[in-house]
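**Q** here you go, sequence then predicted model.
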Amino acid sequence: MAFDALELGTLYKTLEVQHFMGWSMRLPLFNASKAAFCTCLPKYNLNTYLGRCAHQCIYCYAVKFPSFVGPVSPRLKLLDSIGGMARNTRLKLPVMMSDCTDPYQPLEREHKITRRCAEVLARNHFPLLIVTKSDLVTRDLDVFEQTPTVVAMTVTTLREDVASFIEPYAPSPERRVSALQKIADRGVVAVARADPIIPTINDHEGDFERLVSVLADVGVRQVTISTMKPVKGFFSTLKRTSPEVYGRLIEIYADGTWIMGYKYLSEERRRKTLESFRPIVSKYGLSFAACREGFPQFNTTLCDGTAYCRGLLDEYLR
């Protein structure tokens, strides 16, 4: 999987040429900000839905972007343009679906936009990275079997009470774990994102170890963690809805830093979280990564899971 410096240089040069040509019909690149400690290799990103995700997670960061507020809406026009976008995109980098609004919204049962886009991308030999909280993803395993695919399922806790508080309308942890097992049983790579880790909410080491144990049992290959990075408005909303939790978190984040519109925990707190959780993941024989924490030395693989669907550069140029 590894890219050497020469390969990466060629990759970036090709992407720059693609951008310079000004193709109006091409897959959009994922915006990786090094200032926010993002270590992702180049990939594409496709949001099949816009608006505020129906899962209504209290920690949602996507609301900082104007396209991802308001009612969730299907991007029906993608169905007319995805074919051209795929054909006009030369490099066969992984395509992530999606970084903001969950690609397996309840509306996906009706509209099947994610499925139809995945079908086109698979036919055009693009690897897929599916990021979701929904067990609806198992509907499309037949598509994922047609191209190298990684399904990254967010599972923040096994505790129903915690999940119902922080992710009130998302499928239950039990349903998500069951989906991961079905994915792994079909030979599609399954990774789990314990993201976010929220201080005093789901950061208990005992609870985390139980989670990792279950994930290992169902065939997950990797666990990626990320501490919560609130966006503007999070604390004021939390103060109205959960004053006690607000009181704890506002104090914990008091010595943190705003970076690119996100409130990061202090460097010391982030490091301690990684130092506590990494050995637990390693104990169960899984790969470990932390996303946007500023400590890449803790990672044993790529944080987004695409280590399992990337190849050498010549494979992306076919």
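**A** Alright, I've got the coordinates.

**Q** residue 155 versus the residue nearest the centre of the chain, what's the distance?
**A** Closest to where the C-alpha atoms of the chain average out (Cα atoms, centre = their mean) is residue 131, at 4.6 Å. Using Cβ to Cβ, to the nearest Å, we find residue 131 at a distance of 12 Å from residue 155. To be clear about C-beta, it is placed using only N, CA and C from the backbone, and glycine gets the same treatment.

**Q** mind listing the shared neighbours of these two?
**A** Common neighbours of residue 131 and residue 155, counting by Cβ atoms under 8 Å, 6 or more residues apart in numbering, are residue 193.

**Q** okay, and the residue nearest to residue 284 when sequence neighbours are not counted sits in which element?
**A** Take residue 284 and drop its neighbours on the chain: the residue closest to it by Cβ to Cβ, 6 or more residues apart in numbering is residue 216, 4.1 Å away. Here residue 216 sits within helix 205-217, counting by DSSP states H and E.

**Q** which residues does that helix contact?
**A** For helix 205-217, contacts defined as Cβ under 8 Å, 6+ apart pick out 155, 157-159, 177, 180, 192, 194, 202, 223, 276-277, 280-281, 283-286.

**Q** please flag which of those residues sit within strands.
**A** Cross-referencing the contacts of helix 205-217 against strands under DSSP state E gives 192, 194, 223.

**Q** could those go into TSV alongside neighbour count and pLDDT?
**A** What follows is the ones in strands among the contacts of helix 205-217, written out as TSV (neighbours: other Cβ atoms under 10 Å; pLDDT from 0 to 100):
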residue	neighbour count	pLDDT
192	29	98
194	21	98
223	27	98
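
**Q** where do the helices of this structure begin and end?
**A** Residue ranges of the helices in the chain, as given by DSSP state H, are 5-20, 78-87, 108-111, 113-123, 141-144, 160-166, 173-185, 205-217, 234-241, 243-252, 267-283, 313-316.

**Q** nearest spatial neighbour of residue 175, chain-adjacent residues omitted?
**A** Leaving aside its chain neighbours, residue 175 sits nearest to residue 135 (4.5 Å; criterion: Cβ to Cβ, 6+ apart).

**Q** check contacts around that neighbour.
**A** 171, 175-176, 178-179.

**Q** in the stretch 1-150 of the chain, where is pLDDT below threshold?
**A** 1-24 (pLDDT under 70).

**Q** strands along that one, start to end?
**A** 44-45, 49-50, 73-74, 95-97, 128-132, 149-154 (DSSP state E, counting those that start in this stretch).

**Q** for the closest residue to residue 199 other than its chain neighbours, give me the pLDDT.
**A** Excluding the flanking residues, the one nearest residue 199 by Cβ to Cβ, 6+ apart is residue 252, at 4.8 Å. Residue 252 carries a pLDDT value of 98.
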